[in-house]
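Q: sharing a sequence plus its predicted fold:
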Number of protein chains: 2
Amino acid sequence: MTEPHDPRVGDLAESAILRTILASIGTAAAAEVGPGDDAAVLRVPDGRVVATTDTLVHGPDFRLAWSSGTDLGWKAAAVNLADVAAMGARPTGLLVALAMPADTRLSFVRGLAEGLAACCSSLAPGCAVIGGDLTISSTLTIAVTALGSLEGRAPVLRSGARPGDVVALAGAAGVAARGIDLLFSRFTDSSGPVAVDRATLNAAELEALDAQLRPSPPIGQGVAAADAGATAMMDVSDGLALDATRLAEASGVTLALRIAEVGGDPRWAIDGGEDHALLATFARGSDLPEGFRVIGDVTAAGAHPLLLDGEPRAPRGWDPYRDWDAGIG
Amino acid sequence: MTEPHDPRVGDLAESAILRTILASIGTAAAAEVGPGDDAAVLRVPDGRVVATTDTLVHGPDFRLAWSSGTDLGWKAAAVNLADVAAMGARPTGLLVALAMPADTRLSFVRGLAEGLAACCSSLAPGCAVIGGDLTISSTLTIAVTALGSLEGRAPVLRSGARPGDVVALAGAAGVAARGIDLLFSRFTDSSGPVAVDRATLNAAELEALDAQLRPSPPIGQGVAAADAGATAMMDVSDGLALDATRLAEASGVTLALRIAEVGGDPRWAIDGGEDHALLATFARGSDLPEGFRVIGDVTAAGAHPLLLDGEPRAPRGWDPYRDWDAGIG
């Protein structure tokens, strides 16, 4: 959707694009120096900063036919906030490196900045963009770094699960994967991705679509899980089976999950990625924080790191290097 | 240069690529949690972290015909380290988001990791890659975030220059710009960039080439300048005239520079970018730290933010949105 007088970024000076972005991103509560100098300065009172980076690339990670600038800003923030939350930390600031084709419209950039800000204020109040970089590229690329504060807590690693713990999950299982399936099956023609007509979708389909395009992972539950004594935690980005296998291997244990307790449609819930749910383990008998449901048990390492309803299960899941087919756009 | 048995990243699992990278990057002295979990944890003992991001994109920022993987890893680190140094901080960790075409060779990725590590150990000992992200893309893109520690110092902003201060510069002026000119004039044919034959270059040309492809900004001088009471500082990435104008405007002053004192070839020294020298202001009479030379004076804001040998000078300099011509590769 091109606005009247909506210039191409290739026709603007970098400073003009920056002004548009800065007008939308808000202020991080913990920023001592925000955007505009060589670097930002962020307060992390306990003397440790949590830092993670995750990138969205046009083609493998999104299609402009399906995602608006606002969707992309939201999603680029959400997937990074989830990694901070998975350490038991509170997200406090984002740095955004934006590489854009010259024919990108300024309205798209504004939407992107608004999406970043809206996601932060919805999922991680106080967090905001504190810095970034603009460059030109043939491929629209949004690389976000998220920073967070542990506020005195120990970081919750993948390696801390112990036999006897319970396995718990906060957030959706397989909903974002249903969404991407819907996009490929219903909004793709011989030319590639086509615009989504929301009026043709029922409520469950709209939920799946939104989970894919504008995910709302349970960011606040990361701190809650750490406070409740989570022994291990990670963000489920590549599918529950694959990520549970990673957690099991990092901890040197087996995770035995019960499919019925995972919830969601088992066709998608086990291998579907991009929900950014939080997978955590807790000592048996712990009071689980709100939002977590028990989905299995931690046992001593057996022959297989992952059992689903008692059966060994080799993980499948999204691997960008193996799975992306440039031909589908 | 393809090694025997040098696989394409598109034929490898993400975990295999990661193993290659992790074998080369070393360990950050301040890392409490390094790569391999959802996020890294970095110690910043004074409770504030300096954070900046800068991206290299194939086309506008580098050409593979001219730069090796090692060159690119080095440069991606150096340009970010310089932004941390320009705040008066010590760089302590890097996050690297790497988006690569499927036909990128593993040897290239190894070189890139080695270049990142070599730059850190040469220019910022103790700093190393603490995390990152891999994805596939049509356009090779290296987005680095650098983090740093102020160690109790106040950050040195662009806005602190006061009338009566002297202006000083540490590092090269115009050498990297001579290097890019050399590449375009001597190593480009009708098909675009061609491989550099170093044997055809004299010592000054080799210096210029290396300054462009593998810059060594004066990272340690950032902390030294802060300790010496620098009132303002910034990294000269887009040309001295443009960046001096930015510092003057941020501080509400005029900078009066003397071209002969800048050094280097005036054809390149004033507008040439990418040297990542440190431009700083100090109270008159300060003992300047080693490596800084006085190049002018700060005066009350006049009609023009920048005077060169007494004459007003509108800045020119590199603007990726205005200056990149996709047609030249």
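A: Ah, there it is. Numbering: from 1, shown residues only, chains lettered A, B, ... in the order given.
Q: show me the helices in chain A, by range?
A: A:14-22, A:69-85, A:106-123, A:175-186, A:203-213, A:220-227, A:240-251, A:259-262, A:266-269, A:320-323 (DSSP state H).
Q: turn those into JSON lines, including distance to chain B.
A: Where you see a C-beta, it was placed from the backbone N, CA and C, and this is true even at glycine. Listed next are the helices of chain A as JSON lines, based on distance: least, CB to the nearest CB, whole Å:
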{"stretch": "helix A:14-22", "distance to chain B": "5"}
{"stretch": "helix A:69-85", "distance to chain B": "4"}
{"stretch": "helix A:106-123", "distance to chain B": "11"}
{"stretch": "helix A:175-186", "distance to chain B": "16"}
{"stretch": "helix A:203-213", "distance to chain B": "17"}
{"stretch": "helix A:220-227", "distance to chain B": "9"}
{"stretch": "helix A:240-251", "distance to chain B": "8"}
{"stretch": "helix A:259-262", "distance to chain B": "20"}
{"stretch": "helix A:266-269", "distance to chain B": "21"}
{"stretch": "helix A:320-323", "distance to chain B": "5"}
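Q: with mean pLDDT and mean neighbour count added, can I get the ones you listed in JSON lines?
A: Listed next are the helices of chain A as JSON lines, based on pLDDT from 0 to 100; neighbours: other CB atoms under 10 Å in any protein chain shown:
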{"stretch": "helix A:14-22", "mean pLDDT": "94", "mean neighbour count": "16"}
{"stretch": "helix A:69-85", "mean pLDDT": "98", "mean neighbour count": "28"}
{"stretch": "helix A:106-123", "mean pLDDT": "98", "mean neighbour count": "22"}
{"stretch": "helix A:175-186", "mean pLDDT": "95", "mean neighbour count": "20"}
{"stretch": "helix A:203-213", "mean pLDDT": "97", "mean neighbour count": "18"}
{"stretch": "helix A:220-227", "mean pLDDT": "98", "mean neighbour count": "23"}
{"stretch": "helix A:240-251", "mean pLDDT": "96", "mean neighbour count": "23"}
{"stretch": "helix A:259-262", "mean pLDDT": "96", "mean neighbour count": "16"}
{"stretch": "helix A:266-269", "mean pLDDT": "89", "mean neighbour count": "18"}
{"stretch": "helix A:320-323", "mean pLDDT": "56", "mean neighbour count": "18"}
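Q: what's the closest of the ones you listed to residue B:162?
A: Comparison of the helices of chain A against residue B:162 by CB to CB identifies helix A:14-22 as nearest, at 24.6 Å.
Q: tabulate the helices of chain A (a markdown table), appending distance to residue A:281.
A: Below are the helices of chain A laid out as a markdown table (distance: least, CB to CB, whole Å):
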| stretch | distance to residue A:281 |
| --- | --- |
| helix A:14-22 | 40 |
| helix A:69-85 | 16 |
| helix A:106-123 | 23 |
| helix A:175-186 | 23 |
| helix A:203-213 | 24 |
| helix A:220-227 | 10 |
| helix A:240-251 | 8 |
| helix A:259-262 | 14 |
| helix A:266-269 | 19 |
| helix A:320-323 | 27 |
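Q: how about the contacts made by residue A:245?
A: By CB atoms under 8 Å, 6 or more residues apart in numbering or on different chains, the residues touching residue A:245 are A:255, A:305-306, A:315.
Q: now do 6 Å
A: Applying CB atoms under 6 Å, 6 or more residues apart in numbering or on different chains, we find residue A:245 in contact with A:305-306, A:315.
Q: out of the residues you listed, which is most surrounded?
A: Sorting the contacts of residue A:245 by how many neighbours each has (other CB atoms under 10 Å in any protein chain shown) puts residue A:306 first, at 26 neighbours.
Q: for that residue, give its distance to chain B.
A: Distance, residue A:306 to chain B, by CB to the nearest CB, to the nearest Å: 16 Å.
Q: what's the answer for residue A:195, then?
A: Taking CB to the nearest CB as the measure, residue A:195 falls 22 Å from chain B.
Q: ok, the residue nearest in space to the middle of chain A - contacts?
A: When CA atoms, centre = their mean is applied to chain A, the residue found nearest the centroid is residue A:79 (1.7 Å). When contacts are counted by CB under 6 Å, 6+ apart, residue A:79 touches residue A:54.
Q: likewise for the one 4 residues further on?
A: The contact partners of residue A:83, by CB under 6 Å, 6+ apart, come to A:52, A:235, B:38-39.
Q: now residue A:38
A: Residue A:38 neighbours (CB under 6 Å, 6+ apart): B:83, B:86-87, B:234-235.
Q: which of the residues you listed lies closest to residue B:196?
A: residue B:235 (26.2 Å).
Q: the residue lying closest to residue A:63 once chain neighbours are set aside and residue A:62, how far apart?
A: The shortest distance from residue A:63 to any non-neighbouring residue, by CB to CB, 6 or more residues apart in numbering or on different chains, is to residue A:193 (4.1 Å). According to CB to CB, to the nearest Å, residue A:193 stands 10 Å off from residue A:62.
Q: for stretch A:290-298, buried residues please.
A: A:291-292, A:295-298 (16 or more other CB atoms under 10 Å in any protein chain shown).
Q: could you do stretch A:37-46 as well?
A: A:37-44.
Q: off-centre distance for it?
A: Centre-to-centre, stretch A:37-46 and its host chain are 23 Å apart (CA atoms, centre = their mean, to the nearest Å).
Q: same question for stretch A:106-123.
A: Computed by CA atoms, centre = their mean, the chain-centroid distance of stretch A:106-123 equals 15 Å.
Q: can you list contacts of that stretch?
A: For stretch A:106-123, the surrounding residues in contact (CB under 6 Å, 6+ apart) are A:3, A:6-7, A:20-21, A:24-26, A:68-70, A:72-74, A:77-78, A:81, A:127-129, A:219.
Q: contacting residues around residue A:35?
A: residue A:131.
Q: can we see that at 10 Å?
A: By CB atoms under 10 Å, 6 or more residues apart in numbering or on different chains, residue A:35 lies in contact with A:18, A:21-22, A:25, A:27-28, A:95-96, A:128-132.
Q: among those residues, which ones are in strands?
A: Assignment to strands by DSSP state E places the following of the contacts of residue A:35 there: A:95-96, A:128-132.
Q: just those now: which is nearest chain B?
A: Nearest to chain B among these is residue A:95, at 4.3 Å by CB to the nearest CB.
Q: state the distance from that closest one to residue A:134.
A: 12 Å.
Q: so which of the contacts of residue A:38 is the most crowded?
A: Within the contacts of residue A:38, most neighbours by other CB under 10 Å means residue B:86, with 35 neighbours.
Q: just checking, that residue touches residue B:54?
A: No. Assessed by CB atoms under 10 Å, residue B:86 is found out of contact with residue B:54, at 11.7 Å.
Q: what touches both of those two?
A: Shared contacts of residue B:86 and residue B:54, defined by CB under 10 Å, 6+ apart, are found at A:38-39, B:235, B:237.
Q: quick one: contacts for residue A:271?
A: A:174, A:177, A:238-242, A:313, A:315-318.
Q: just the CA atoms of stretch A:229-236, as CSV, please.
A: Extracted as CSV, the C-alpha positions of stretch A:229-236 are listed here (Å, rounded to 0.1, in the frame of the first residue of the first chain):
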residue,chain,number,x,y,z
GLY,A,229,13.4,-22.0,40.2
ALA,A,230,13.4,-23.3,36.6
THR,A,231,16.4,-25.7,36.2
ALA,A,232,16.7,-25.3,32.4
MET,A,233,14.8,-23.3,29.8
MET,A,234,14.9,-22.5,26.1
ASP,A,235,12.8,-20.9,23.4
VAL,A,236,11.1,-23.3,21.1
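Q: okay, buried residues for it please.
A: For stretch A:229-236, by 16+ other CB under 10 Å, it's A:230-236.
Q: domain-wise, how is chain A divided?
A: Using automatic domain parsing, the domain ranges for chain A come out as A:13-149, A:158-317.
Q: distance between the ends of the shortest one?
A: Right, domain A:13-149. With CA to CA, to the nearest Å as the measure, domain A:13-149 spans 35 Å from end to end.
Q: same question for stretch A:158-171.
A: For stretch A:158-171, the end-to-end distance is 18 Å (CA to CA).
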